[in-house]
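J.: Need the 3D shape of this:
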Amino acid sequence: MLRRAAAPQKGEFVVLLCRATASAADRGLIGEKPTAAVDGTGLESRHTSRYFFKRSGKKHSSRLWTKLTVACDTRSHFLAGAAVSAGPSNDSPQLRRVMAQAALAVTWDRVLADAAFDSEEHHRYCREDLGVRSTVIPLNRRGQGRKWPKTRYRRQMARRFRKKPRGSRHRRVFGQRWQAESAFSRHKRRLGSALGGRSDASRERECRLRVLTHNLMLLAATG
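T.: Just a heads-up that it's a prediction; the model follows:
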């Protein structure tokens with residue numbers, strides 16, 4: 001970066017991420033029956049914070065941030081898949097991208113995501129194409145009220161989340177999704193929450209570099 005060398009392209013990033021994920025599995029950082037939590041977070045696109053803009057009376061555009069969506073191993077916080085987009089934007093399209101990357105080196109036992117990622121196609125893709133045993137994504141009613149879903153996997157989600165006590169096994173499993181939030185908190189504490197790039201392309205490259213750095217730090221800790 002200091003010498004302004006050519007930045008890695010998306011394909012090169014996926015190869016490096018796949019190799020790092022395979023190494024994490026070999027070292028036991030990712031277990032035999034791993035769970036992936038899919039979630040997204042915003043990163044500031046400049047070092048000047050929103051708080052500074054508020055105090056100074058200046059306008060801080062909502063477009064001045066970048067969204068990083070990841071597939072995170074809930075046990076180790078390893079980022080096995082990552083996609084970058086401009087915020088604010090719909091989360092849902094990123095699930096397929098990050099799980100396609102995450103599944104290159106690991107077969108996931110379970111995938112967790114919040115209602116923003118609700119889609120029958122997401123359930124089908126993870127279970128039937130990627131070999132995931134279980135997907136847990138609560139329903140997003142989308143203004144349809146209490147109508148019963150017509151598709152197979154969304155009907156299953158409706159049954160599992162309907163009138164279940166808070167202490168039920170299914171809800172305890174879904175509670176592991178919050179490990180993605182813990183991973184983002186860890187990521188921002190160590191690498192910061194602001195991006196230095198000035199263009200969308202440079203911020204995307206910087207996000208990819210941050211993901212690799214996050215994972216290398218976890219691998220280094222295993223010795």
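
J.: use CA for all of it now, contacts and neighbours both
T.: OK.

J.: Helix or strand, whichever it is, which one in the chain has the lowest mean pLDDT?
T.: helix 50-56 (a mean of 53; mean pLDDT, DSSP states H and E).

J.: Next secondary structure after that one?
T.: Read in the C-terminal direction, the helix or strand following helix 50-56 is strand 65-73, with elements assigned using DSSP states H and E.

J.: what sits up against that following strand?
T.: Contact partners of strand 65-73, identified using Cα atoms under 8 Å, 6 or more residues apart in numbering, comprise 30, 34-45, 78-88, 91, 94-95, 98-99, 102, 179-180, 183, 203, 207.

J.: could you dump it to CSV, C-alpha only?
T.: Taking Å, rounded to 0.1, in the frame of the first residue of the first chain, the C-alpha atoms of strand 65-73 are listed here in CSV:
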residue,chain,number,x,y,z
TRP,A,65,-20.5,5.1,4.7
THR,A,66,-19.7,1.6,3.5
LYS,A,67,-21.5,-1.6,4.4
LEU,A,68,-19.5,-4.7,5.1
THR,A,69,-21.5,-8.0,5.2
VAL,A,70,-19.9,-11.1,6.5
ALA,A,71,-20.4,-14.8,7.2
CYS,A,72,-18.8,-15.2,10.6
ASP,A,73,-17.9,-18.4,12.5
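
J.: re earlier: keep only those of the contacts of strand 65-73 that are in strands.
T.: 35-44, 79-86 (DSSP state E).

J.: three-state assignment of L139?
T.: Of the three states, L139 takes coil under DSSP: H, G, I helix; E, B strand; the rest coil.

J.: That one contacts A158, correct?
T.: Yes. Between L139 and A158 a contact is recorded at 6.8 Å, counting by Cα atoms under 8 Å.
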